[in-house]
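**Student:** how would this look folded up:
(one chain, ligands or ions: 3)
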Amino acid sequence: MSERKAVHPYHHPAGGWGALKALSEHLIEQRIPIKGANTLRCMNQPEGFDCPGCAWPDPKHTSSFEFCENGAKAVAWEATAKRCAPEFFAEHSVAELATWSDYDLEMAGRLTHPMAYDGATDRYLPVSWSKAFSIIGRHLKALPDPNMAEFYTSGRTSNEAAFLYQLFVREYGTNNFPDCSNMCHEATSVGLPHSIGVGKGTILLEDFDKADCIFIFGQNPGTNSPRMMTNLRDAARRGASIISFNPFRERALVRFQAPQSPIEMATLSSTQISSRLYQVRVGGDVAVIKGLMKVLVDEDAAARERGEPAVVDWDFIHDHTHGLDDLVSDLRATQWTDIERYSGLSREDIEYAAQAYMKAERAIIVYGMGITQHRRGAQNVQQLANLALLRGHIGREGAGICPVRGHSNVQGDRTVGITEAPSGEFLDRLESCFGFKAPREHGHNVVTALEAMIRGDAKVFIAMGGNFAAAIPDWQLTQDALKRLDLTVHISTKLNRSHLIHGRDALILPCLGRTEIDVQATGPQSITVEDSMSMVHASAGRNQPASEHLLSEPAIVAGMARATLGQSSVVDWDGFVGDYDRIREAIEAVLPIFEAYNARIRVPGGFHLVSTARERVWATPSGKANFLVFDGLGEDPNNDDPETLWLSTIRSHDQYNTTLYSLSDRYRGVYGQRDIVFLNQFEMEKRGLADGERIDLVTASTDGLERRVRNFRVVGYSFPNGCCAAYYPETNPLVPLYAHDPLSFTPSSKGIPVRIERTSANVTDESPHQD
Ligand SMILES: Nc1nc2c(c(=O)[nH]1)N[C@H]1C(S)=C(S)[C@@H](COP(=O)(O)OP(=O)(O)OC[C@H]3O[C@@H](n4cnc5c(=O)[nH]c(N)nc54)[C@H](O)[C@@H]3O)O[C@H]1N2
Ligand SMILES: Nc1nc2c(c(=O)[nH]1)N[C@H]1C(S)=C(S)[C@@H](COP(=O)(O)OP(=O)(O)OC[C@H]3O[C@@H](n4cnc5c(=O)[nH]c(N)nc54)[C@H](O)[C@@H]3O)O[C@H]1N2
Ligand SMILES: [Mo]
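**Tutor:** Residues are numbered from 1 along each chain as shown. Ligands and ions are numbered 1, 2, ... in the order given. Okay, the predicted model is just below:
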């Protein structure tokens, strides 16, 4: 990969020909132009597989092929012709591989054999599946307490594999389920139930066709859920007002050219998406939301004085909510000068946005990581719920709250039991269906699992997918702790950093991907997934497996369970693996919302899981939806130093979490480099920095530890004052483990106070970065 380093603005609309060109380059790089293209045609089709990219729903999974650049890249990444076989591991020691870039590691291709780490040669050597399982069983059985093992899940795992996984782990005896969603939408899962009784969104895709106003807070659909652009484009063309709050002027939030539209493609025309895009300060969202609500309640009071129609929905508020008085007192006490200072926006801008919201009969509030990954992420989410509740926008056609989930089945994994804090009701049903005693003590999430590893209390780490070592915060502390474990196990499709940051014993277990045919005792199997809008549907792979030695994720769980629990297990593991319908029957028995599961997934498009809030049934202790107060406006009361910048760690257009497709970020006009920090001219001048200069970023830590990344280039960019941005995962060493939301334990990846220092690195890379 030899892209020239450059930064120059991208003037084209997002999508369009640029997207098609990028995809064809990617297919060639994966050496699969023909096969890839065929595979792509089966994606999101009634008989095909669910896109392994994001969790955005499809129009009933019944539509004709819908082009999505990044979905296609995710598929091609899995369907690559490259293989990472035992010969590869024989050639390269782990110490050598540790010096490779993340990009090069995954470019080695699909894993083909189970591998076990050999300390004598510092290499991974092939191992039989039965030996691999017996190593796992030996370690787990040797632990004096099952709570000394941690069982991670990444959100690509199917409902079937996730359900079996939690069954195995709970029969073994722990609720230690750190999950990728702990670093992602946990603020939604924890924050939203206090507001509206459910920790999920309340809209369906068809609501997008009816909304006349859409607010998008901290979410980048053109990159992370590109199929959403079709819905936004249609809404914009209908005249709905779309208003975005984002520190970046993200290209797709500004203009989009639909690859589906022959006219736009042929005439090189495009659609304006956001009627306004406000460059809010990093962590400034609560100030904006409070400002919006303040306008609403003030305008309402004024309207009522004038005898005009109310601005807030009083009928809804009286019948369905609780706590408005406290919220109004808080809004009255909040000063505009503070709102402007924290948000970085003017009162006029916020008033303009509030007017658009007030005029709308049906509004949808969309949000992503810009809201959740903060010190007060769960409370941020609750403020958005307040905003929706004020106008009665929950449980009404064309209106609602729309958290956009990340991984394609992260929501489903949670639904079927991957949680460190299961309800008593769920455990009761598990016990009555299976007849074992489920552990009641709550287990570890990502942050508390890492703390247990650092203390030395955790000894075994098993990961169902993902790239834990790279995705987690505070590498210096946390990666060091991972290396001190007795055993690390990774069920993976590709080589990644986590395989190299390993315990004394270490296993890599290669599994089938979603695009591949999964044949078990009763024939080819399908799996099921739940999207961001709680639609559950089936997915069946079409490609031949990357290697004959791969096992499916359910088969790997069963192998681990048999080796660990032995004859004493009450679960018929072979029966489950032989026929995934039986797993779904068990899910239905434990979770009644999956009633008629097997029948309903055979209907094209699948089915919708009940959402009580959508029906205006409030599953809260008060039986009402709650207005909740956020104390103050700030991200972190401990840090108000004017010299520090708030760093947000972000994704490029060409990455899927820790997977890098290239070093470029086309829509932001960045090519061939990722070691950069985006900073505006004012902040550069204030510090005497020139464009392209090399600097170190240093966290303003409160625990005395130095957290530093070296030798980043300054890129002058349109960005709010007092803030900067740089790519994840390269900047994860800067995110302190302690800097997490105390309610949801979400690491504050989008709000880290940092200082800029002259570089301490001894590097003489003077290649020009600016065209
Ligand atoms: N192609 C691709 N698709 C993906 C992924 C991927 O990496 N690549 N990842 C998947 C996963 S797991 C997830 S969770 C989602 C993530 O999808 P998103 O939620 O879109 O996540 P990010 O790109 O991290 O950040 C979102 C936006 O928040 C803005 N932002 C940063 N800080 C703030 C802030 O303080 N306030 C506001 N208002 N905005 C802010 C950033 O500029 C960015 O535009 O996408 C999923 N889909
Ligand atoms: N600083 C900072 N940190 C962050 C974030 C951020 O914005 N900033 N975002 C956070 C978020 S939102 C998330 S979700 C996490 C992501 O954390 P993870 O989910 O742990 O990471 P991924 O990069 O998605 O995992 C990629 C790996 O998954 C494996 N894989 C891919 N497909 C499959 C499959 O079908 N089965 C199995 N078993 N394995 C598979 C491959 O081996 C691949 O290398 O990172 C979090 N960390
Ligand atoms: Mo995520």
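
**Student:** run through the helices of the stretch 401-550 of the chain in chain order.
**Tutor:** With helices called from DSSP state H, counting those that start in this stretch, the stretch 401-550 of the chain shows them at 410-415, 424-434, 446-455, 468-471, 475-483, 497-500.

**Student:** cool, the stretch 1-150 of the chain as well?
**Tutor:** In the stretch 1-150 of the chain, the helices defined using DSSP H, counting those that start in this stretch lie at 16-29, 33-41, 69-78, 86-91, 94-97, 102-107, 129-142.

**Student:** need the winner for burial among the ones you listed.
**Tutor:** Highest mean neighbour count of those: helix 69-78, a mean of 25 (counted as mean count of other C-beta atoms under 10 Å). All C-beta atoms are positioned from the backbone trio N, CA, C, and that covers glycine.

**Student:** give me the contacts around it.
**Tutor:** Counting contacts by C-beta atoms under 8 Å, 6 or more residues apart in numbering, the residues outside helix 69-78 that touch it are 15, 19-20, 22-23, 26-27, 30, 32, 36, 39-40, 43-44, 51-54, 106, 110, 223-224, 226-227, 259, 493-494, 513-515, 653-654, 656, 659, 661.

**Student:** got the angle between that helix and helix 16-29?
**Tutor:** Orientation of helix 69-78 against helix 16-29 (axes from the mean of the first three to the mean of the last three C-alpha atoms, to 10 degrees) gives an angle of 0 degrees.

**Student:** C-alpha coordinates for helix 69-78, CSV please?
**Tutor:** What follows is helix 69-78, C-alpha atoms only, in CSV (Å, rounded to 0.1, in the frame of the first residue of the first chain):
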residue,chain,number,x,y,z
GLU,A,69,-19.3,1.1,-0.5
ASN,A,70,-18.4,0.2,3.0
GLY,A,71,-20.7,-2.8,3.3
ALA,A,72,-19.1,-4.1,0.1
LYS,A,73,-15.7,-3.5,1.5
ALA,A,74,-16.6,-5.4,4.7
VAL,A,75,-17.8,-8.3,2.5
ALA,A,76,-14.7,-8.3,0.3
TRP,A,77,-12.5,-8.2,3.4
GLU,A,78,-14.0,-11.5,4.5
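
**Student:** how about it, does it reach ligand 1?
**Tutor:** Yes: judged by C-beta under 6 Å from any ligand atom, helix 69-78 and ligand 1 are in contact via Asn70.

**Student:** count of neighbours near the closest residue to ligand 3 within the stretch 251-400 of the chain?
**Tutor:** Taking C-beta to the ion, ligand 3 has its nearest neighbour within the stretch 251-400 of the chain at Met369, 7.0 Å off. If you count neighbours by other C-beta atoms under 10 Å, Met369 ends up with 26.

**Student:** with Thr620 instead?
**Tutor:** 17.

**Student:** tell me if I'm right that it and Gly199 touch.
**Tutor:** No: contact status for Thr620 versus Gly199: not in contact, 11.7 Å apart, counting by C-beta atoms under 8 Å.

**Student:** overlap in contacts of those two?
**Tutor:** A shared contact of Thr620 and Gly199, defined by C-beta under 8 Å, 6+ apart, is any residue touching both; here these are Pro193.

**Student:** longest helix of this structure?
**Tutor:** In the chain, taking DSSP state H as the definition, the longest helix is helix 285-305.

**Student:** and that one, what other elements does it pack with?
**Tutor:** On a contact count with 3 or more C-beta pairs under 8 Å, 6 or more residues apart in numbering; DSSP states H and E, helix 285-305 meets helix 324-333, helix 336-343, helix 347-359, helix 377-390.

**Student:** can you put those in CSV and add mean neighbour count and mean pLDDT?
**Tutor:** Putting the helices and strands packed on helix 285-305 into CSV (neighbours: other C-beta atoms under 10 Å; pLDDT from 0 to 100) gives the following:
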stretch, mean neighbour count, mean pLDDT
helix 324-333, 15, 98
helix 336-343, 18, 96
helix 347-359, 18, 97
helix 377-390, 26, 98
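
**Student:** mind checking which of the ones you listed is nearest ligand 2?
**Tutor:** Using C-beta to the nearest ligand atom as the measure, helix 377-390 is the one of the helices and strands packed on helix 285-305 that comes nearest ligand 2, at 11.4 Å.

**Student:** for the closest one, packing partners?
**Tutor:** Contact partners of helix 377-390 among helices and strands, from 3+ C-beta pairs under 8 Å, 6+ apart: helix 186-196, helix 285-305, helix 314-320, strand 363-367, helix 369-372, strand 400-403.

**Student:** and the fifth one, what's buried?
**Tutor:** The reference is to helix 369-372. Under the neighbour-count criterion of 16 or more other C-beta atoms under 10 Å, helix 369-372 has Met369, Gly370, Ile371, Thr372 buried.

**Student:** what residues are up against the last one?
**Tutor:** If a contact means C-beta under 8 Å, 6+ apart, then Thr372 has Cys184, His185, Glu186, Ala187, Thr188, Gly218, Asn380, Val381, Pro403, Ser744, Thr746 as its contacts.

**Student:** intersect those residues with the contacts of ligand 1.
**Tutor:** Of the contacts of Thr372, the ones that also sit near ligand 1 (C-beta under 6 Å from any ligand atom) are Cys184, Gly218.

**Student:** now the buried members of the contacts of Thr372.
**Tutor:** Among those, those classed as buried by neighbour count (16+ other C-beta under 10 Å) are Cys184, His185, Glu186, Ala187, Thr188, Gly218, Asn380, Val381, Pro403, Ser744, Thr746.

**Student:** nearest spatial neighbour of the third one, skipping sequence neighbours?
**Tutor:** Take Glu186 and drop its neighbours on the chain: the residue closest to it by C-beta to C-beta, 6 or more residues apart in numbering is Ser744, 4.2 Å away.

**Student:** and for the first one?
**Tutor:** Closest residue in space to Cys184, ignoring its immediate chain neighbours: Gly406 at 5.0 Å, by C-beta to C-beta, 6+ apart.

**Student:** contact partners for that neighbour?
**Tutor:** Residues in contact with Gly406 (C-beta under 8 Å, 6+ apart) are Cys54, Ala55, Gly155, Cys180, Ser181, Cys184, His185, Asn224, Met369, Asn657.

**Student:** let me have the helices of the stretch 1-150 of the chain in JSON lines, extended by mean pLDDT.
**Tutor:** Conversion of those to JSON lines gives the following (pLDDT from 0 to 100):
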{"stretch": "helix 16-29", "mean pLDDT": "78"}
{"stretch": "helix 33-41", "mean pLDDT": "61"}
{"stretch": "helix 69-78", "mean pLDDT": "85"}
{"stretch": "helix 86-91", "mean pLDDT": "98"}
{"stretch": "helix 94-97", "mean pLDDT": "98"}
{"stretch": "helix 102-107", "mean pLDDT": "94"}
{"stretch": "helix 129-142", "mean pLDDT": "98"}
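
**Student:** those: which one's closest to Pro545?
**Tutor:** In terms of C-beta to C-beta, the element of the helices of the stretch 1-150 of the chain nearest to Pro545 is helix 69-78, at 11.1 Å.

**Student:** does Gln544 touch Asp518 like I think?
**Tutor:** No: with contacts defined as C-beta under 8 Å, Gln544 does not count as touching Asp518, sitting 11.3 Å away.

**Student:** out of those two, which sits in the busier spot?
**Tutor:** Set Gln544 next to Asp518 and count neighbours by other C-beta under 10 Å: Asp518 wins out with 25 against 10.

**Student:** show the contacting residues for that one.
**Tutor:** With contact set as C-beta under 8 Å, 6+ apart, Asp518 has these partners: Leu512, Pro524, Gln525, Ser526, Ile527, Ala540, Gly541, Ser552.

**Student:** what's the nearest residue to the fourth one if we skip its chain neighbours?
**Tutor:** It stands for Ser526. The shortest distance from Ser526 to any non-neighbouring residue, by C-beta to C-beta, 6+ apart, is to Ala540 (3.9 Å).

**Student:** these two touch, right, the one you found and Ser158?
**Tutor:** No: contact status for Ala540 versus Ser158: not in contact, 11.0 Å apart, counting by C-beta under 8 Å.
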